[in-house]
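Q: Have a look; sequence and predicted model below, questions after that.
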Amino acid sequence: MNVTAYAASVGHSVWFSHDLGETWNRAFTPTGGIYNESRAWCLATHPARPGDVFAGTDLGVYRWTVAADRWEHLPSPMDGLHILQIGQSPHDPDVIFAGTRPAQLFRSADGGQTWRRCDMGNGVECEFINTPRVTSIHFDPRDADTIWVTIEIDGIFVSRDGGETWQKCIDGLKSPDTHNLVFFDDDSGGASGSGGRTILCSTEEGLHRSRDEGRSWQWIEVPDAPWPYFRCIAKRTDDSGVMFLSVGDKPSGERGMLFRSRDRGENWEIVDLPEPPNTTIWWIATNPADPDLIFFCTIFGQIFRSTDGGESWLKMRRELGELRMIAWQPAN
């Protein structure tokens, strides 16, 4: 299977790789449609639109389409904001949510042509980083109308009506500095009313778990983690229960580690990497098209690749400056 990988960089826009991360290039500067020294924060792809990708930048939302073979700017109320996260509904690729810094959420129902702001009721100021920001957007795996959002530093928010109203879910969290979520569902039901659901959340103060649809959270010990700063979590896309967790000495930092669980986060082991990450691992990229192909990037430009579901890893030779997200999809 031919794939295209993408890397969102702060200062060099979006990189493309057509050889599993071995080499990287950007859009041709005169005709590429994007300022090649822009800051790109996030990426979004969709299985129904192979070859197309959305990018969130400090200049607005951009869309790459196979037909145009260039970046197209999509004017929106987010122009001038840092667009940190973009999520497309698995049920309808035209339904898109985008999150920014300052922390605001916007919804499009027409593929990004028009946008409206969602009233989440979140905070506008916070400690340490001063201005809250959206760190992840998730469409609920079981309910098309339910959307989950994490905000740094303001907690977890959920909407069960397509983004019209929102509820804050922070009971039991050791920190409202929330980064990412993973969902595990089964058909066993459950006395808690969760329908056999487990939700995991990474935060500045470790890993948390909810078994009651986010109404309450419990801190989970990861015994071998030397630091409490837990950033990205991602599950392998084969329903095996295997998932990965990144831990670092601080938000950017100098050291990072990758952990693996084979039982939905109950137990953890350190992943052996070919060389130490040069900072916190910022994003882990999976895709249902091939559960065995996984990438991750550090915030300072390293890229690692696994072709056996995360059992072994290879560091890519090329480093790409400051990175915030990596993604991949089958080539058109």
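A: Arrived safely. Numbering: from 1, shown residues only.
Q: Tell me what V10 is bridged to.
A: Beta-bridge partners for V10, by DSSP bridges, are R39.
Q: so where's the stretch 51-200 of the chain uncertain?
A: 125, 187-195 (pLDDT under 70).
Q: Okay, strands next: where are they in it?
A: 53-57, 61-65, 70-74, 82-88, 96-101, 105-108, 116-118, 133-139, 147-152, 155-159, 167-168, 178-184, 198-203 (DSSP state E, counting those that start in this stretch).
Q: tell me the angle the last one makes with strand 147-152.
A: Counting by axes from the mean of the first three to the mean of the last three CA atoms, to 10 degrees, strand 198-203 points 20 degrees away from the direction of strand 147-152.
Q: in its sheet, what does strand 198-203 sit against?
A: Sheet neighbours of strand 198-203, with direction, are listed as strand 178-184 (antiparallel), strand 206-210 (antiparallel) (DSSP bridges).
Q: Dump it to PDB, keeping only the CA atoms.
A: The C-alpha atoms that make up strand 198-203 are tabulated as PDB, following Å, rounded to 0.1, in the frame of the first residue of the first chain:
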ATOM      1  CA  THR A 198     -13.200   3.000  29.500                       C
ATOM      2  CA  ILE A 199     -11.900   6.500  28.700                       C
ATOM      3  CA  LEU A 200      -8.300   7.400  29.400                       C
ATOM      4  CA  CYS A 201      -7.000  11.000  29.700                       C
ATOM      5  CA  SER A 202      -3.400  12.200  29.700                       C
ATOM      6  CA  THR A 203      -2.600  15.200  31.800                       C
END
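Q: Got the phi and psi for C169?
A: Main-chain dihedrals, C169, degrees, to the nearest 10: phi -120, psi 90.
Q: ok, the closest residue to V271 other than its chain neighbours - contacts?
A: Nearest non-adjacent residue to V271, counting by CB to CB, 6 or more residues apart in numbering: L258, 4.2 Å away. Where you see a C-beta, it was placed from the backbone N, CA and C, and this is true even at glycine. Shown in contact with L258 (CB atoms under 8 Å, 6 or more residues apart in numbering): F244, L245, S246, V247, I270, V271, L273, P277, I281, F296, W313.
Q: Give the PyMOL command for selecting the buried subset of those residues.
A: Per 16 or more other CB atoms under 10 Å, the buried members of the contacts of L258 correspond to this PyMOL selection:
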select buried, resi 244+245+246+247+271+273+277+281+296+313
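Q: Cross the contacts of L258 against strands and list the overlap.
A: Among the contacts of L258, the members found in strands (DSSP state E) are F244, L245, S246, V247, I270, I281, F296.
Q: which of those lies closest to E204?
A: E204 lies nearest to V247 out of the ones in strands among the contacts of L258, by CB to CB, at 11.2 Å.
Q: Looks like D224 contacts V271 (just checking).
A: No. The pair D224 / V271 is not scored as a contact, 10.9 Å apart, by CB atoms under 8 Å.
Q: residues bridging contact with these two, i.e. touching both?
A: In contact with both D224 and V271: F259, using CB under 8 Å, 6+ apart.
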